[in-house]
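Novice: Sharing a model that was predicted from the sequence below.
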Amino acid sequence: MEASEGFDESAAVMAHGLLASVGIITTAADTLRRHYERLDQDRREALFDMIMMQGSHLEGVLKDMVRGLSPDVIEALSALRRNDTSNLRA
């Protein structure tokens, strides 16, 4: 197996995990939007907790992914965040 194949598999596993969390967040938010008045307080709190937990999970995974980037890529992302594209390399 070539290194790029290993990366592709790792990226696919990470993407699957991220998509699962996004799906949970989306479903919980949609449930709250559509049925808020009919849900009891405990169920609402459980859905909000679910959203917060999955959001924290996403944040952690994405931070881990950023830590693995090369310094040049991290600098490019920082420049984009500052809306300063003059530091980007072609």
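Specialist: Yes, it's here.
Novice: what packs against the helix or strand containing K63?
Specialist: Per DSSP states H and E: K63 is located in helix 41-67. If contacts are counted by 3 or more CB pairs under 8 Å, 6 or more residues apart in numbering; DSSP states H and E, helix 41-67 sits against helix 3-35. (Each C-beta comes from the backbone N, C-alpha and C, glycine too.)
Novice: what's the angle between the lowest-mean-pLDDT helix or strand in the chain and helix 41-67?
Specialist: None of the helices or strands of the chain scores lower by mean pLDDT, DSSP states H and E than helix 71-81, at a mean of 79. Going by axes from the mean of the first three to the mean of the last three CA atoms, to 10 degrees, helix 71-81 is angled at 130 degrees with respect to helix 41-67.
Novice: still on that earlier bit, the helix holding K63 vs helix 3-35, what angle?
Specialist: Using the same axes, to 10 degrees: helix 41-67 against helix 3-35 is 160 degrees.
Novice: Same question for helix 41-67: list its buried residues.
Specialist: Buried residues in helix 41-67, counted by 16 or more other CB atoms under 10 Å: 47, 50-51, 54, 57-58.
Novice: what's the spacing between the closest residue to V22 other than its chain neighbours and T27?
Specialist: Sequence neighbours aside, L58 is the residue nearest to V22 in space, at 7.2 Å (criterion: CB to CB, 6 or more residues apart in numbering). Noted for L58: a distance of 14 Å to T27, by CB to CB, to the nearest Å.
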